[in-house]
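Colleague: Can you look at this prediction? I've put the sequence above it.
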Amino acid sequence: MVKRRGFTLIELLVVIAIIAVLVGLLVPAVQKVREAANRMSCSNNMKQQGLALHNYHSRYGKFPAGVTLGKSQTSGAGWWGGGNVAPRYDNPPNGWGSPTTSYPADGYWGWQMRIAPDIEMDNVAKAITGYGQWPWWAYLPGMTGGSNTIVGQKSKMWACPSDTRGSMAYTEPGSGNLHALTDYMGCPGRDSYKETLPGTGNPTASAAKLPGQDGVLYVNSKVALTDITDGTSNTVVIGERPPDNSLEYGWAWVAWGYDGAGFGAGDMLLGVRERCEGINTAPGLYRASAGAADPTGFTHHWSFHTGGCNWALADGSVRFISYSSGTNVATQINGINVTLLECLASRASGEVFNPD
């Protein structure tokens, strides 16, 4: 009679324990590989955006405006509370809609719409031709329904693979109209305000502020490569920041912003020391966020990558920049500390620093 031999309970438990240990070792490795691939894909997205900005510059001799905004042609004060009085901004870069209107000739669109033809979204760019000035909520030609809004058209180019929300859309209550989201913010420089606030302060102080709109993509900007005297390889143009936890900000194609001025702050544009809720509010510093549910995550650049974010530079390259650059003081101007990332965000301030 053949005697059958099986596993004892102890042997079975030992095997299960070994398998559990192997799985425990394997899962982090797989996650690390997946994140490395996501970070590379994100970097490629930004590389394509940088090349598209250069294609635009080749056609028009300047980079697109971060966002275009109307302004009174007669009183000097903007129709939305700004203009030649605080908060100040330039005239529409391509002129007026007509001799009697304050609307920009090419409508209220952001930098992403301007480069759409160069990222295989030409159908979206053509849809706004002759459409008019106001971007919400027009439909694609011959189509209706919330998913067919011009601003609702999604692009993989706007979504970081590490953030599932970048490929989502905000849904307007009632109408069902969609607005696509983006993980990539154009950089207006330090912040979105030309004005200074007097005084001295450390990087977290709100009492003192140097001039903003000192970058490349800001309200009604028309920056040329020759204007970037700090060097295109030392000037950031686009940085990461996932949509906010309500999905109401981080909209693609056009920006309005948190502060009500229409400068796009915290929406599709974000300075490296931005004051999203108004010029007198505390700045948001470049740092890690608590994640998708963080109610303050909209105020500063951050990503789902570990240790920092990808940034596109004015020369078309992409660099991963650590969070430490948002607090490391590189120089001091008028008694105000200036961080390394602020130096990288300005186009012509002449700061002396080591970009590495």
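Modeller: Arrived safely, thanks for sending.
Colleague: Grab the CA positions of stretch 42-54 and hand them over as CSV.
Modeller: Presented in CSV, the C-alpha positions along stretch 42-54 are these (Å, rounded to 0.1, in the frame of the first residue of the first chain):
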residue,chain,number,x,y,z
CYS,A,42,4.6,63.8,-17.8
SER,A,43,8.0,65.2,-18.8
ASN,A,44,7.2,64.3,-22.5
ASN,A,45,3.9,66.2,-22.2
MET,A,46,5.7,69.3,-21.1
LYS,A,47,8.4,68.9,-23.7
GLN,A,48,5.6,68.9,-26.4
GLN,A,49,4.1,72.0,-24.8
GLY,A,50,7.4,73.7,-24.8
LEU,A,51,8.0,72.9,-28.5
ALA,A,52,4.5,74.1,-29.3
LEU,A,53,5.2,77.4,-27.6
HIS,A,54,8.3,77.8,-29.7
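Colleague: Any regions of the stretch 51-200 of the chain where pLDDT drops low?
Modeller: 73-85, 130-133, 166, 200 (pLDDT under 70).
Colleague: Sketch out the helices for it, chain order is fine.
Modeller: 111-114, 122-127 (DSSP state H, counting those that start in this stretch).
Colleague: looking at those, which is buried most?
Modeller: Ranked by mean neighbour count, those are led by helix 111-114 with a mean of 27 (mean count of other Cβ atoms under 10 Å). Any C-beta I mention is one placed from the backbone N, CA and C, and that applies to glycine too.
Colleague: what's in contact with that one?
Modeller: Contacts with helix 111-114, where a contact means Cβ atoms under 8 Å, 6 or more residues apart in numbering, come from 53, 56, 63-67, 124-125, 128, 158, 182, 184, 186, 217, 252-254, 268.
Colleague: what's the answer for stretch 45-62, then?
Modeller: In contact with stretch 45-62 (Cβ under 8 Å, 6+ apart) are residues 63-64, 93, 111, 114-115, 118-119, 156-160, 184, 222-225, 237-238, 310-313, 316-318.
Colleague: Just those: which are in strands?
Modeller: Using DSSP state E, the subset of the contacts of stretch 45-62 located in strands is 184, 237, 238, 310, 311, 312, 313, 318.
Colleague: Determine which two of those are furthest apart.
Modeller: Largest separation among the ones in strands among the contacts of stretch 45-62 by Cβ to Cβ: 184 and 313, giving 13.6 Å.
Colleague: Which one of these two is surrounded by more residues?
Modeller: Per other Cβ atoms under 10 Å, whichever of residue 184 and residue 313 has more neighbours is residue 184, with 28 against 23.
Colleague: Is that one bridged to anything, and to what?
Modeller: residue 240 (DSSP bridges).
Colleague: from the ones in strands among the contacts of stretch 45-62, which single one is nearest residue 22?
Modeller: Lowest distance from residue 22 to the ones in strands among the contacts of stretch 45-62 (Cβ to Cβ) belongs to residue 310, with 33.1 Å.
Colleague: Out of the contacts of stretch 45-62, which end up buried?
Modeller: Buried by 16 or more other Cβ atoms under 10 Å: 63-64, 93, 111, 114-115, 118-119, 157-160, 184, 222-223, 237-238, 310-313, 316, 318, out of those.
Colleague: count of residues packed around residue 207?
Modeller: Residue 207 is flanked by 13 other residues according to other Cβ under 10 Å.
Colleague: Sticking with it, tell me its helix or strand.
Modeller: Element membership for residue 207 (DSSP states H and E) is empty, with no helix or strand holding it.
Colleague: Look up how far residue 310 lies from residue 44.
Modeller: In this view, residue 44 and residue 310 are 10 Å apart by Cβ to Cβ, to the nearest Å.
Colleague: same check, this time on residue 182
Modeller: 14 Å.
Colleague: do the same with residue 266
Modeller: From residue 266 to residue 310 the distance is 19 Å (Cβ to Cβ).
Colleague: Residue 61 too?
Modeller: From residue 61 across to residue 310, the span is 28 Å (Cβ to Cβ).
Colleague: was I right about residue 259 contacting residue 274?
Modeller: No. The pair residue 259 / residue 274 is not scored as a contact, 9.6 Å apart, by Cβ atoms under 8 Å.
Colleague: what sits in contact with each of those two?
Modeller: Common neighbours of residue 259 and residue 274, counting by Cβ under 8 Å, 6+ apart, are 192, 265, 266.
Colleague: Quick check: of the residues you listed, which has the highest neighbour count?
Modeller: Neighbour tally across the shared contacts of residue 259 and residue 274 (other Cβ under 10 Å): the maximum, 36 neighbours, falls on residue 265.
Colleague: Return the per-residue confidence for that one.
Modeller: The confidence metric pLDDT takes the value 92 at residue 265.
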